[in-house]
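In: Got a sequence here, can you model it:
(one chain, ligands or ions: 1)
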Amino acid sequence: MSTHPLRVIIVGGGIGGLCLAQGLHAAGISVAVYERDIAPDTRLQGYRLNIEPVGSRALHDCLPPHLWEVLVATAGDPGPGMGVLTERLRLLMREDAPPAELDSFERTYAVSRITLRRLLLAGLDDVVHFGKEFTGYKQNPNGTVTAFFTDGTTATGDLLVGADGARSRVRRQLLPRAKHHQALGVGIGGKFPLGDEAAWLPQKMTSTKNMVLPKRDFLFTAVFRRQESSATIAERVGDPLRAVGLNPALIIQDIQDDDYIMWAYVAHPHTLPVDVTGRRGQQLRDLVASRLAGWHPDLRQLITRTPADSIEKFDFTAAARVKPWPTTNVTLLGDAIHPMPPVGGLGGNAALFDANALRRALITVTSGQELLPELACYERAMLKNGFAAVRAATLYLRLATLRSRTLRAAARTFFRLCGAVPSLRRAVFAD
Ligand SMILES: Cc1cc2nc3c(=O)[nH]c(=O)nc-3n(C[C@H](O)[C@H](O)[C@H](O)COP(=O)(O)OP(=O)(O)OC[C@H]3O[C@@H](n4cnc5c(N)ncnc54)[C@H](O)[C@@H]3O)c2cc1C
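Out: Residues are numbered from 1 along each chain as shown. Modelled structure (predicted):
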């Protein structure tokens, strides 16, 4: 058993790294995060993030209660389950809404990425170090590990956690043979503001998430609509935050964001023009619009009226399966080990699952258990959960980019059948 308190170094202050840092900080475990961005608001763009119950549970367990309350208060209304529509806006199936009586930490949330980032950073001023680009690590003979940064500084601890995202340098050094492959999909996404001028959109588009399953390609839409006005939220969460010395104005400064529909158009890369990589905003919008012949006019307008500066392209990658490796004092979490296509919104939830599992393992270590066996246990659970999510996301992407018309017709028939037969729908989608 170690004779000094555990010191944890986290490389990467994204969703997973910061969630772990919050959980360790709250448990009184010494933790330091090293993030390459130069400041907290270097990258404050982004879409809504779908947080599934596994992610909600992790955030609930890792965040102090006053920050969890802010997350719940600022989340958007996730709407009543997901709809599956044709490109003519005909409903094939609506997934059942989750039961209303769930505890707050068992629910699904639509959260603003920006607000989540502010929340995850709250209270960690002395923990998170910005402008620290990690270059490599060295495992020392005395059982510690030292991280090196481009500015010439170093940090030494008992455990180094690589939470540095899909291009992880920690993974590259720890598991040089772990590979990613280009997943067969390209996503183009945009944000359509839901102001008064959006009244023409049908209610089924503005109330919940939808999968649109046309004869080729795929469209996902999701609404971000806050449940309360920013003034009401500020009033509700202000005092509890001030009571613990946090500045509510800083944490909830972005909640006046306008509501919007986020859409993501997904296509098989072999069907897109070769110059798609160089296209930006309006060119990407024109490209999507050119593929919507025969679609319902409201869906076409949703795309063509989206501000060009909100439109981005995403190349999808997926991790190849990684076998367990001999556990040492360097480990990984989130996209650093199991990146996946965002179809299905699973990657952030998997990173949050890892953060919570690792937090629990490290708390056990501080109460007397050996570090390496606890870490080995964490790594087994993390690999199992993370690669199950990679498989699911890859399968969803394959379905979204199916090129066979026969298989697409079969998929539509399957959803139509599930829509018509509640017992079949429940059997297929209950989990
Ligand atoms: C368009 C889109 C939509 C998505 N929607 C969803 C969704 O709805 N739900 C969901 O669960 N997931 C979603 N995802 C996936 C999700 O964003 C990722 O899975 C998640 O961010 C992974 O978290 P992470 O902490 O592992 O890595 P990241 O969030 O990528 O964080 C990694 C951090 O490490 C830092 N870093 C990198 N290299 C270094 C270095 N050398 N030194 C120091 N710091 C470094 C980075 O700056 C970054 O801050 C979506 C992804 C995309 C692209």
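In: Count the neighbours of Pro422 for me.
Out: Number of residues near Pro422 (other CB atoms under 10 Å) recorded here: 10. All C-beta atoms are positioned from the backbone trio N, CA, C, and that covers glycine.
In: From the ligand, how far off is it?
Out: With distances taken as CB to the nearest ligand atom, to the nearest Å, Pro422 is found 27 Å from the ligand.
In: What distance do you get for the nearest residue to that residue once chain neighbours are set aside to Ala427?
Out: Nearest non-adjacent residue to Pro422, counting by CB to CB, 6 or more residues apart in numbering: Asp96, 7.9 Å away. To Ala427, Asp96 is 12 Å away according to CB to CB, to the nearest Å.
In: now do Arg107
Out: 23 Å.
In: between those two, who's got more neighbours?
Out: It is Arg107, of Arg107 and Ala427, that has more neighbours when counted by other CB under 10 Å, with 19 against 11.
In: Report the beta-bridge partners for Arg7.
Out: Bridge pairing for Arg7 (DSSP bridges) gives the partners Ser30.
In: Next up, the contacts around it.
Out: The contact partners of Arg7, by CB atoms under 8 Å, 6 or more residues apart in numbering, come to 30-32, 156-159.
In: Rounded mean pLDDT for stretch 338-356, please.
Out: Across stretch 338-356, the average pLDDT comes to 94.
In: is that stretch anywhere near the ligand?
Out: Yes: between stretch 338-356 and the ligand, judged by CB under 6 Å from any ligand atom, the touching residues are 342, 345-349, 351.
In: what sits against the residue nearest to Pro422?
Out: Per CB under 8 Å, 6+ apart, neighbours of Asp96: 81, 422, 425-426, 429.
In: which ones among those are found in helices?
Out: Counting by DSSP state H, the part of the contacts of Asp96 found in helices is 422, 425-426, 429.
In: For this structure, name the helix or strand with the lowest mean pLDDT.
Out: Least confident element among the helices and strands of the chain, by mean pLDDT, DSSP states H and E: helix 422-429 (a mean of 81).
In: elements contacting that one?
Out: Judged by 3 or more CB pairs under 8 Å, 6 or more residues apart in numbering; DSSP states H and E, the packing partners of helix 422-429 are helix 405-420.
In: tell me which residues of the helix it packs on are tucked away?
Out: Using 16 or more other CB atoms under 10 Å as the test for burial, helix 405-420 gives 408, 411-412, 414-416, 418-419.
In: who's in contact with that helix?
Out: Contact partners of helix 405-420, identified using CB under 8 Å, 6+ apart, comprise 84, 86, 91-94, 213, 215-216, 399, 402, 424-425, 428-429.
In: contacts with the ligand among the buried residues of helix 405-420, please.
Out: Counting by CB under 6 Å from any ligand atom, nothing from those sits close to the ligand.
In: near the ligand, which residues of the stretch 51-200 of the chain show up?
Out: 132-134, 163-165, 169, 189.
In: Widest-spaced pair of these?
Out: Lys132 and Gly189 (29.8 Å; CB to CB).
In: What segments of the stretch 251-400 of the chain are helices?
Out: Per DSSP state H, counting those that start in this stretch, the stretch 251-400 of the chain carries helices over the ranges 281-289, 297-304, 347-366, 371-400.
In: Check what pLDDT the closest residue to Glu95 other than its chain neighbours gets.
Out: Leaving aside its chain neighbours, Glu95 sits nearest to Gly81 (3.8 Å; criterion: CB to CB, 6+ apart). Predicted confidence (pLDDT) for Gly81: 79.
In: what sits against Gly81?
Out: Applying CB under 8 Å, 6+ apart to Gly81 gives the contacts 94-98, 208.
In: can you do 10 Å?
Out: Under the criterion of CB atoms under 10 Å, 6 or more residues apart in numbering, the neighbours of Gly81 are 93-98, 108, 208-209, 429.
In: Mind checking which of those residues are in strands?
Out: Of the positions in those, 93-94, 209 sit in strands, assigned by DSSP state E.
In: which of those count as buried?
Out: Neighbour counting by 16+ other CB under 10 Å classes 93-94, 209 among the ones in strands among the contacts of Gly81 as buried.
In: and the least confident of the residues you listed?
Out: Arg94 (86).
In: which phi and psi does the residue nearest to that one when sequence neighbours are not counted have?
Out: Spatial nearest neighbour of Arg94, excluding adjacent residues (CB to CB, 6+ apart): Gly83 at 5.0 Å. In terms of degrees, to the nearest 10, the main-chain angles of Gly83 are phi -100, psi 150.
In: isn't Gly83 right up against Thr206?
Out: No: assessed by CB atoms under 10 Å, Gly83 is found out of contact with Thr206, at 11.5 Å.
In: Now the common contact residues for these two.
Out: Shared contacts of Gly83 and Thr206 (CB under 10 Å, 6+ apart): Thr221.
In: So for these two, which sits in the more crowded spot?
Out: Per other CB under 10 Å, whichever of Gly83 and Thr206 has more neighbours is Gly83, with 23 against 16.
In: And Val227, how far from the ligand?
Out: Just to correct that, residue 227 is Gln rather than Val. From Gln227 across to the ligand, the span is 18 Å (CB to the nearest ligand atom).
In: same thing with Phe220?
Out: Phe220 is 10 Å from the ligand, by CB to the nearest ligand atom.
In: number of nearby residues for the residue of the chain found nearest the ligand?
Out: Across the chain, no residue is closer to the ligand than Gly14, which sits at 1.8 Å (CB to the nearest ligand atom). Neighbours of Gly14 under the rule other CB under 10 Å: 23.
In: Next: Leu175.
Out: When neighbours are counted by other CB under 10 Å, Leu175 registers 18.
In: I'd like to know how far it sits from Thr206.
Out: Leu175 sits 44 Å away from Thr206, going by CB to CB.
In: coming back round to it: which one of the residues of stretch 338-356 next to the ligand has the most neighbours?
Out: Highest neighbour count within these: Ala351, with 31 neighbours (other CB under 10 Å).
In: Do I have it right that that one meets Leu59?
Out: No: taking contacts as CB under 10 Å, Ala351 lies outside contact range of Leu59: 11.1 Å.
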